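Visitor: Please work out how this folds:
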Amino acid sequence: LLNWSQDPKEARRQLMYHEDSPEFHESGWTEIVSGKCINLDTVHTIIASARTAEKRTETIGDIEIRFGTAESSSKRITTLSAWISAWNRASRAIKFAFPHRTAEVDTYGEYISAKFDQMLESSHSRVIRFDKAVRNRVASSRRYELSDLEAFRDI
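Guide: Residues are numbered from 1 along each chain as shown. I've put the predicted structure just below:
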């Protein structure tokens, strides 16, 4: 992060356009480069809105008209499957940017998945809120890693 703070735009550009770069949105790369907590709701929205409905093109004389509807409203993570989908995409980007954090990121993903498994589906929103609180603490303090599981008992 220290090196990237010199020129964060260039760091983001290099990550985004590297030939081995995983698919990830621009604001997500910005969050990674700046050491901020990745907004998994944004990741989920992007994944969910990749579908479009009835996109059509009509031509009237020399004029081409394109229209259709796209699912673009913001979507919040409310289920285990949505969390896993968003987390997997975000974790690939984190591990690409910080290969030395692979074990940390994998450990945390397994930890949160186990939390989901231990709770009734009706309580999954508690796990989602816990996850956000943990990731915000890690991003804001720099004293913790995601794998410092004991440090999150008070959340």
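Visitor: Dihedrals phi and psi, the residue of the chain most remote from its centre?
Guide: Distance from the C-alpha centroid of the chain peaks at residue 61, with 44.4 Å (C-alpha atoms, centre = their mean). The phi/psi pair for residue 61 (degrees, to the nearest 10) reads phi 60, psi -120.
Visitor: How about the contacts made by it?
Guide: Residues near residue 61 by C-beta atoms under 8 Å, 6 or more residues apart in numbering: none. No exception for glycine: its C-beta is placed from N, CA and C like everyone else's.
Visitor: Any stretches of this structure with poor pLDDT?
Guide: 1-2, 50-57, 66-73 (pLDDT under 70).
Visitor: so how far is residue 96 from residue 24?
Guide: 8 Å (C-beta to C-beta, to the nearest Å).
Visitor: who has more neighbours, these two?
Guide: It is residue 24, of residue 24 and residue 96, that has more neighbours when counted by other C-beta atoms under 10 Å, with 22 against 17.
Visitor: could you show me where the strands are in the chain, in order?
Guide: 52-60, 63-70 (DSSP state E).
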